[in-house]
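Engineer: quick one, structure for this:
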Amino acid sequence: MKNTNQTIAIIGAGPVGLAAAVRAMERGLVPIIFEKGSVVGQAIRQWQHVRMFSPWQYNIDSACRQLLLASGWQEPAAETFPTGGDFVAGYLAPLAELPELKKHLLFSSKVTAISRVGYDKLKTPGRNSTPFEIRYQKDAEEKVLLVDAVLDASGTWDSPNPAGANGLPAIGEKQAAARISYGMPDILGTKRNRYAGKRVAVLGMGHSATGNLIDLVALKKQVPDTSIVWLVRGEDPSRAFGGGANDQLAARGALGVEIRKLLEEGDLSLKAGFRLSHISEDNTGLQLQSEGISTSQQISVDELIVSTGFRPDFSFASEIRLLLDPALECPPALAPLIDPNEHSCGTVRPHGAAELAQPEQGFYIAGMKSYGRAPTFLTLTGYEQVRSILAEIAGDKEAAARVELRLPETGVCSSDRVTETGKASSCCGAPAISPDTATETEKASGCCGGPAIQRKDACCVKDEVAKDQGKAGCGCGTTSPQEAVA
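Structural biologist: Here you go, the predicted model:
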């Protein structure tokens, strides 16, 4: 049975939120898009100087594409790489201007709370048939809107992880805020004077950190007095090198290759095992203190860039019944697929309504926020999420369960997880796929270069070969990041 004419609140007018709105309209649902900023893509505009490592073909939702093409939109070349600014100007902004979508957008409308009408979190009887109450702030006025379903695509950009190695702000971090930046500041552009000729520390080892380090080295070539130190909490930075040439997203692989080269050539220094605990400020700059169980380190810098990822903010959903993984703060079904403690493979199998469903019927989290604290999200994943979720809300169970996406591989995995039965789980956190029962999509998505051909206990070709040679664990994880780059 199709459920049309329902209203659905979509929180966030980023790429996933807008795609959700288009999918809702396709299904005969009525979207209401709450955007706390004054324009679409508010978060992306804050990193508009950054070139994305995924080309245009991986950043445009298929339903949005069709709507835009019908309006006369000129699609960007599929293989070219947009900056964040290009992504907004060439896709999000024209999408939001389409009359059929524009009328559903509420700008400068910050959602402050969500509940059920007349129900707190405790009350159950009749709960699922009661509308959601959305409270939001528009200008200086608090407003209320009732809807049938809610999709939270608000992202995590406004909630960066603090510098402290224990997940808390380092002692003194708030007091030293004037010398600390988070995420990816425009080092070669609007923030150039802030970092030129300074002693700069970058904390983190993800893509944001490596991108910042590469930009700082470029700045150092222009202003030689600039000095750069890379702070890594772990003892081995090699995970940041990624899959190199084996990465199906070439620009993503190139980041790892470049940072490895710069490190080897001495363009930046490395402080491994640096677990930042205290920050103080004096007339010589920032004093950064690392205190481990058995060792301590201290360095002095002028500026600190914290690139340690982001975390979700669920404060406005305190009266919603949520079930989240206790570590990653994502829906529990996603946790084993994306947990960086278990594997370093960036490929996550496509997933949708079934994996993202919450105990609060009709409430879903999608996009970057659905990954909680995990760092492996790709925009294409979010588009597949909302396609499935909107099909589920509309009552099309078959479409909701269908997989319509193949994701590009990272080219490097490092899991040695073993299930209770002794069979290796896949390096991307899901059970190995049997060749006898795999769908065509699953056969095409072996995490390290193709599915196993014969063995049912292997996750991919490399794992199959390793097991035939008598190796234990996940065979594809026997390739080190350094070997993968080479």
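Engineer: drop to CA atoms for contacts and neighbour counts, all remaining ones
Structural biologist: Fine.
Engineer: any weak-confidence spans in the stretch 1-150 of the chain?
Structural biologist: Applying pLDDT under 70 to the stretch 1-150 of the chain flags residues 1-4.
Engineer: could you rerun that using 80?
Structural biologist: Applying pLDDT under 80 to the stretch 1-150 of the chain picks out residues 1-5, 53.
Engineer: in it, which spans are strands?
Structural biologist: For the stretch 1-150 of the chain, the strands defined by DSSP state E, counting those that start in this stretch occupy 7-11, 30-34, 105-106, 109-116, 132-138, 141-147, 149-152.
Engineer: list of residues touching the first one?
Structural biologist: The one in question is strand 7-11. 17, 20-21, 24, 29-35, 111, 147-154 (C-alpha atoms under 8 Å, 6 or more residues apart in numbering).
Engineer: next, the angle from it to strand 132-138.
Structural biologist: Inter-element angle recorded for strand 7-11 and strand 132-138: 50 degrees (by axes from the mean of the first three to the mean of the last three C-alpha atoms, to 10 degrees).
Engineer: nearest residue to F132 other than its sequence neighbours?
Structural biologist: Excluding its sequence neighbours, the residue lying closest to F132 (C-alpha to C-alpha, 6 or more residues apart in numbering) is R116, at 4.4 Å.
Engineer: please list all residues in contact with the one you found.
Structural biologist: R116 touches R127, T130, P131, F132, E133, counting by C-alpha under 8 Å, 6+ apart.
Engineer: top of these by neighbour count?
Structural biologist: Neighbour tally across these (other C-alpha atoms under 10 Å): the maximum, 25 neighbours, falls on F132.
Engineer: just list the residues touching that one, thanks.
Structural biologist: Contacts here follow C-alpha under 8 Å, 6+ apart; on that basis F132 touches I114, S115, R116, V117, L146, V147, D148, A149, V150.
Engineer: just A78 next, same as before
Structural biologist: Neighbouring residues of A78 by C-alpha under 8 Å, 6+ apart: P55, W56, Q57.
Engineer: need the buried ones from these selected in ChimeraX.
Structural biologist: This is the ChimeraX syntax for the buried subset of the contacts of A78, where burial follows 16 or more other C-alpha atoms under 10 Å:
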select :55,56,57
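Engineer: could you dump the contacts of A78 into TSV and include distance to W73?
Structural biologist: Formatted as TSV, the contacts of A78 follow (distance: C-alpha to C-alpha, whole Å):
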residue	distance to W73
P55	18
W56	14
Q57	15
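Engineer: if we can go back for a sec, for the strands of the stretch 1-150 of the chain, give me a markdown table that also has distance to A170.
Structural biologist: Output for the strands of the stretch 1-150 of the chain, formatted as a markdown table (distance: least, C-alpha to C-alpha, whole Å):
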| stretch | distance to A170 |
| --- | --- |
| strand 7-11 | 31 |
| strand 30-34 | 34 |
| strand 105-106 | 37 |
| strand 109-116 | 28 |
| strand 132-138 | 32 |
| strand 141-147 | 35 |
| strand 149-152 | 30 |
